[in-house]
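Student: no letters, just coordinates:
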């Protein structure tokens, strides 16, 4: 029922936009015009997930999802601080986006066909900012090395999630018997695990890593290498405003591209000066908007890449700061590595 | 000229009028119900949510931690729901027996001549019935049962092992760090059963106390003057009379216990509600699953009610 409602709302939102004039100099985007006239970007986040979006005691937000809100605000408005955050639960997120309550949804949302399709939730997904997957956590002292070793033992699972199904599928593939202990809330699930009732607990890799930071002894728990499902997490906008979706898409790509060509928040000023001085660095000049009109084609300022990278750094910096090995989550880059390093982060050319 | 008294006009007809009023009322109710039903049907059809039951035959795809009926993920949804229902019935039946025994003991203890016993019974009732059941279940599960030692440190008696994973009877053996036995009860079942029994017994004790108190003091005195011991008095004289008051009160306590068993999900027991929740999430058939849930609990409670009404008929005074 709620899902149907969430499907209907973007359509209503789209109808409401039909027939409105645009002032974007050829770029037809009601949303971007609205954000510019409002002077800030409204970004839907989770707000309770360390590493992705988390509210500090002083009310400031931080995390990987939050950084993409900041980068987008910097690219469009020139200031990463011009963001209003809305904490959304997983059931209200699509309705909030569809009704226009938030401009951008950057809330660890898995891209799926039904969420993308016009006949489904009708979202427009930006590129994946984090490749997640269902994983299994065990106490380091248990000696369990892979999912096969869990056979015959109890595993804690939260009910009402696709995790149950993924776990059952994989254990059947391995032909391993197991006992799923199901709890209604995440808190109960992790409490039972910490009490030692289950030898393992399963959820999304990033969720497990985030929850682990709150354990009495985070170092005493390890994530098994097995990946039980694909969960690509992408920022999203609505289908009805393709120009806005394109702008967000290329802001995300700009951070990935920046990492690939070695531009960081620290060296961007030097690189920019170098590009301005040297006419032979054509690729870099286009990327920074020193020449060409890439930004204008998107309805963004010519130097949107410079603004975005200055605000949050390149993709690698964003990852390391929030969820990487130096952060409390201690996640390896894994498939989130650049394509040249064998990962999946790959930006199309800025041409 | 005298004329035969004519029938009064229809609006003053004392025989017709009541029928007319009842008829109109029934018609209005029927129209309202029909309107609501057709509205529901139209809206469900428009959203593609029209009741369909064929999905019950699709493979469930998820596992259930403990079942009396054999179950695995390749079996259809209806088998999963049935396994959940059997799990619910299992804890409800055990709970009814346990709560009745404990409740009766505590209820009669409050009439004991032993002051300490009497005081303890009152403290028990007041403590337990004033704390929400959900909190008690969480307490029993996380604080009491999960604190049991595990693995080889478990409490071991000949033929019996009590470990963090459960109670094992028969000839328990430790295989690869996991206890196995021909007959076993998990701690999830144990915590839920304990919670339900302890909670319901407090209310049943009050019902029993009320029943016993309803028997006149003179009955006790008369029995004791005839040389009955106090236990004999209770069994032969007081209880048969008290049961007339107790049984109707017990009925609603039993029904509450059956409904409260749906809190099982708080301590990880796979009852009907827990299985239904997973089924709902995976099949997306929310309306049907909720209807199945409503129907199942209704049938369980009506059955308990019918049995208790039968019992009530037996214990009432036979007037001839």
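Tutor: Arrived safely, thanks for sending. All of these numbers come straight from a predicted model, not from anything done at the bench.

Student: ok, the most centrally placed residue in chain B - contacts?
Tutor: The geometric centre of chain B, computed from its C-alpha atoms, lies nearest to residue B:258 (CA atoms, centre = their mean), at 1.4 Å. By CB atoms under 8 Å, 6 or more residues apart in numbering or on different chains, residue B:258 lies in contact with B:92, B:297, B:300, B:301, B:304. The C-beta positions use only the backbone N, C-alpha and C, and glycine is treated the same way.

Student: return the member of those residues nearest to residue A:303.
Tutor: residue B:297 (64.1 Å; CB to CB).

Student: what about the helices in chain B?
Tutor: Using DSSP state H, the helices assigned to chain B run over residues B:16-46, B:77-109, B:115-129, B:133-138, B:187-213, B:217-225, B:230-232, B:239-260, B:272-283, B:286-315.

Student: so what pLDDT did residue 249 get?
Tutor: All of this is about chain A. In this model, residue A:249 is scored at 97, pLDDT.

Student: wrong one, chain B
Tutor: 92.

Student: mind listing what it touches?
Tutor: With CB under 8 Å, 6+ apart, residue B:249 has these contacts: B:207, B:210, B:211.

Student: so which of those residues wins on neighbours?
Tutor: Counting neighbours by other CB atoms under 10 Å in any protein chain shown, the top entry in the contacts of residue B:249 is residue B:211, with 24 neighbours.

Student: contacts only, for that one.
Tutor: B:107, B:242, B:243, B:244, B:245, B:246, B:249.

Student: let's see it at 7 Å
Tutor: Taking CB atoms under 7 Å, 6 or more residues apart in numbering or on different chains, we find residue B:211 in contact with B:242, B:243, B:245, B:246.

Student: around chain A, pick out the residues from the stretch 51-200 of chain B.
Tutor: B:61, B:62, B:63, B:65, B:73, B:142, B:146, B:150, B:164, B:176, B:178, B:188 (CB under 7 Å from any CB of the partner chain).

Student: now for the residues you listed, which pair is the farthest apart?
Tutor: B:61 and B:150 (30.4 Å).

Student: more neighbours: which of these two?
Tutor: residue B:61 (20 against 16).

Student: go ahead and confirm that one touches residue B:74.
Tutor: No - in this structure, residue B:61 is not within contact of residue B:74 by CB atoms under 7 Å, at 8.1 Å.

Student: show me where pLDDT drops low in chain A?
Tutor: A:1-26, A:91, A:160-161 (pLDDT under 70).

Student: centre of the chain to stretch B:55-73, how far?
Tutor: Remark: stretch B:55-73 is offset 24 Å from the chain centroid, using CA atoms, centre = their mean, to the nearest Å.

Student: so what pLDDT did the residue lying closest to residue B:68 once chain neighbours are set aside get?
Tutor: Distances taken as CB to CB, 6 or more residues apart in numbering or on different chains place residue B:86 nearest to residue B:68, at 5.0 Å, with adjacent residues excluded. For residue B:86, the model assigns a pLDDT of 95.

Student: from chain A, how far off is residue B:86?
Tutor: For residue B:86, the distance to chain A equals 17 Å [CB to the nearest CB, to the nearest Å].

Student: so what's the residue count around that residue?
Tutor: Neighbours of residue B:86 (other CB under 10 Å): 15.

Student: that one contacts residue B:69, doesn't it?
Tutor: Yes - the pair residue B:86 / residue B:69 is scored as a contact, 5.4 Å apart, by CB under 7 Å.

Student: hey, where'd the helices end up in chain A?
Tutor: A:2-17, A:30-38, A:64-77, A:93-98, A:113-116, A:163-173, A:186-194, A:205-212, A:242-260, A:268-277, A:282-288, A:294-298, A:304-312, A:315-322.

Student: now tabulate the ones you listed in a markdown table and tack on mean neighbour count and distance to chain B.
Tutor: Shown next, in a markdown table, are the helices of chain A (neighbours: other CB atoms under 10 Å in any protein chain shown; distance: least, CB to the nearest CB, whole Å):
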| stretch | mean neighbour count | distance to chain B |
| --- | --- | --- |
| helix A:2-17 | 16 | 6 |
| helix A:30-38 | 18 | 29 |
| helix A:64-77 | 27 | 24 |
| helix A:93-98 | 24 | 15 |
| helix A:113-116 | 13 | 11 |
| helix A:163-173 | 19 | 5 |
| helix A:186-194 | 20 | 6 |
| helix A:205-212 | 23 | 17 |
| helix A:242-260 | 23 | 28 |
| helix A:268-277 | 15 | 46 |
| helix A:282-288 | 19 | 45 |
| helix A:294-298 | 18 | 38 |
| helix A:304-312 | 25 | 36 |
| helix A:315-322 | 22 | 30 |
